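> Kindly generate the corresponding structure for this input.
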Amino acid sequence: MSEPIKKLLHEAPEVMPEQVWPEPEPLDTAARLTPWPAGMILPPDIEDFGLAFADRLCVDPAPVMLAMLTTITAVTNGQVWIEPDQDNPTWREPTALWLAVVMGVSTGKTPILKAALSPVWEIEKELREKHEEALAEYEAELARWEAAKRGERGPKPKRPIPKRLLAQDTTREALSDLLGNNPGILAYHDELSGLFVEWNREEKKKDRAFYLASYNATPTPIDRVIRGYMFVERPVLSLIGFIQPGPFRERVLEAQNGDGKGADGLLQRFIVVTAQERPWQDDRPAIRAELRTRYHLLVARIWDMLQAGGEKTLRFDPEAQALWYQWENQTRRAMENPDHPEAWKALLGKRMGLTARLAAVLAATWEEYGPVSVATLKRAIALVRWLEPHARRIWHRALSGNDEPVIKLARKLQSGVLEVAGKRLETFTERDITRNQVAGIALVGEARRVLASLVEAGWLIQDGKTYRVNPRVKEVGDV
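Coordinates of the predicted model:
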């Protein structure tokens with residue numbers, strides 16, 4: 001090598017990675033989720049326990065908070081109503097909420113459900129004990145009635161009907177009995193996927209129609225196989241359950257079919273909340289017993305007040321009513337925006353009803369039973385706004401393809417640690433990914449799709465069957 005060339009090589013500036021590697025693009029095109037708005041929506045008696053519980057389990061607070069808020073409907077359903085428009089007395093909403101928590105497997109769904117429902121289980125235990133006492137009195141009275149002479153008996157004693165607040169994995173016929181004998185019911189499911197499958201069966205059309213009617217408290221006739229016809233005057237049903245992302249995406253796609261199947265608005269009635277991942281912490285704070293007690297006492301106070309005071313119909317105070325009309329105008333303009341996809345317009349069509357219901361439930365949690373204040377309506381609107389990115393994300397991913405494996409693998413690449421069988425890899429192949437199920441990817445076709453997406457976005461460089469990580473991926477920040 002000649003001296004001039006050696007000199008040029010020695011004096012040449014160092015080639016930096018950004019000069020030879022492409023600039024990687026952000027990957028998550030779905031709506032960005034923001035953390036739970038602590039201190040803005042729920043009273044401290046709920047939120048303090050929810051946050052402590054989430055910290056203890058290392059789970060996103062969002063599913064915990066929404067599960068606890070939906071639990072309140074177990075004691076308000078059929079007891080609290082709201083008339084949101086003073087100029088339209090025909091518009092009346094119950095407090096029924098349908099919540100679908102979209103989470104993966106082994107993410108704490110059962111403990112979340114138990115923590116949320118535990119104060120209602122305590123109330124139901126008291127109701128069972130009272131019913132047992134009433135049943136014993138009835139049986140004694142019935143024995144006296146039967147022992148008396150026919151002319152001296154009087155009216156035959158009526159068997160007491162047990163009060164219920166909750167139902168689990170219940171058939172339509174059993175639910176109709178519960179709703180016929182109680183102001184309202186909260187049905188809970190560890191897994192909603194089975195219920196969705198049932199609703200899609202041809203022979204279960206009546207079940208689907210019954211649930212739709214129970215969301216809106218529409219008077220409903222029920223034909224029962226064994227006990228014959230009954231009429232439920234005012235069914236008010238809340239739902240809470242968990243479902244994995246894959247099955248829920250299938251339901252979203254069904255709701256978009258042009259043949260009308262699944263396009264009856266049932267899915268849009270669900271509040272959808274997804275969970276952001278939280279890394280596991282070895283040292284986690286204990287949940288103080290006092291926090292759990294405060295949550296239980298709040299639910300008990302709401303129940304006791306409604307039992308003593310009877311049914312409540314809520315209306316907005318003048319300032320809140322003015323805000324309501326502004327929110328309604330804004331929503332109608334958004335629905336008429338030609339740039340919005342039809343799926344989003346369908347969700348916007350449920351926004352005002354959901355806002356009214358949330359305002360009523362929040363009024364109960366804040367123990368506000370006079371005119372609903374503008375502060376409470378602002379909380380309801382803030383919660384609707386906070387929830388909408390969750391719906392956008394899950395609907396976007398269903399309609400554009402599942403990008404969760406892409407995001408999971410990208411986070412591993414961004415951390416700078418891609419290990420297979422304990423060995424850190426500088427380059428890798430599709431087989432390395434699938435054989436070791438990196439980021440949960442087990443199928444070759446899925447690995448090929450995921451890696452192609454990362455190559456297209458500049459996160460990986462492909463050389464034949466081998467992939468190398470772009471060292472600039474850390475520049476992207478939030479994936």
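
> Give me the domain ranges for this protein.
The chain breaks down by automatic domain parsing into domains covering 3-26+403-476, 30-399.

> what's the neighbour count on the residue nearest to E311 when sequence neighbours are not counted?
In this structure, E311 finds its nearest non-sequential neighbour in Q79, 5.5 Å apart by C-beta to C-beta, 6 or more residues apart in numbering. Bear in mind the C-beta positions are built from the backbone N, C-alpha and C, glycine included. Neighbour count for Q79, taken as other C-beta atoms under 10 Å: 22.

> Test my guess that Q79 contacts L306.
Yes. Assessed by C-beta atoms under 8 Å, Q79 is found in contact with L306 at 4.5 Å.

> Overlap of the contact sets of those two?
Shared contacts of Q79 and L306, defined by C-beta atoms under 8 Å, 6 or more residues apart in numbering, are found at K312.

> From what I see, I287 and F53 are in contact.
Yes. At 5.9 Å, I287 counts as touching F53 under the criterion of C-beta under 8 Å.

> In terms of neighbours, single out the busier of these two.
The neighbour count for I287 versus F53, taken as other C-beta under 10 Å, is higher for F53 (24 against 17).

> could you measure the more buried one against L451, distance?
38 Å (C-beta to C-beta, to the nearest Å).

> backbone phi and psi for the closest residue to T76 other than its chain neighbours, please?
Spatial nearest neighbour of T76, chain neighbours left out: T95 (4.4 Å); criterion: C-beta to C-beta, 6+ apart. Dihedral pair for T95: phi -90, psi 10, per degrees, to the nearest 10.

> Could you single out the most deeply buried of the domains of the chain?
Comparing the domains of the chain by mean neighbour count (mean count of other C-beta atoms under 10 Å), domain 30-399 comes out on top with a mean of 17.

> Would you mind checking the average pLDDT for that one?
Averaging pLDDT along domain 30-399 gives 90.

> for the stretch 301-450 of the chain, what spans make up the helices?
318-335, 342-348, 351-365, 374-400, 404-415, 430-435, 444-456 (DSSP state H, counting those that start in this stretch).

> who wins for proximity to K163 among these?
Closest approach to K163 among the helices of the stretch 301-450 of the chain (C-beta to C-beta): helix 351-365, 18.6 Å.

> Please write out the alpha-carbon positions of the longest strand seen in the chain in PDB.
When the chain is parsed with DSSP state E, its longest strand is strand 237-243. Taking Å, rounded to 0.1, in the frame of the first residue of the first chain, the C-alpha atoms of strand 237-243 are listed here in PDB:
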ATOM      1  CA  LEU A 237     -77.700  -5.900  33.200                       C
ATOM      2  CA  SER A 238     -74.000  -5.000  33.600                       C
ATOM      3  CA  LEU A 239     -71.200  -7.200  32.300                       C
ATOM      4  CA  ILE A 240     -67.600  -7.500  33.300                       C
ATOM      5  CA  GLY A 241     -65.100 -10.000  31.900                       C
ATOM      6  CA  PHE A 242     -61.700 -10.600  30.400                       C
ATOM      7  CA  ILE A 243     -60.800 -11.700  26.900                       C
END
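
> Run me through the strand neighbours of it, direction for each.
Applying DSSP bridges to the sheet, strand 237-243 is found paired with strand 98-102 (parallel), strand 185-189 (parallel).

> Check the gap between A300 and L266 for me.
Separation of A300 from L266 (C-beta to C-beta) stands at 33 Å.

> Same check on K408?
Noted for K408: a distance of 30 Å to L266, by C-beta to C-beta.

> Contacts for the strand or helix carrying V197 next, please.
V197 is part of helix 193-200 when elements are defined by DSSP states H and E. Residues from elsewhere that reach helix 193-200, judged by C-beta under 8 Å, 6+ apart: 169, 189, 204, 207-208, 211, 241, 243-244, 247-248, 251, 254, 261-262, 266.

> Of these, which is the nearest to I72?
Closest to I72, out of all of the contacts of helix 193-200 and judged by C-beta to C-beta, is G241, at 16.5 Å.

> In contact with the closest one, which residues?
Taking C-beta under 8 Å, 6+ apart as the definition, contacts of G241 comprise 99-101, 188-192, 195.
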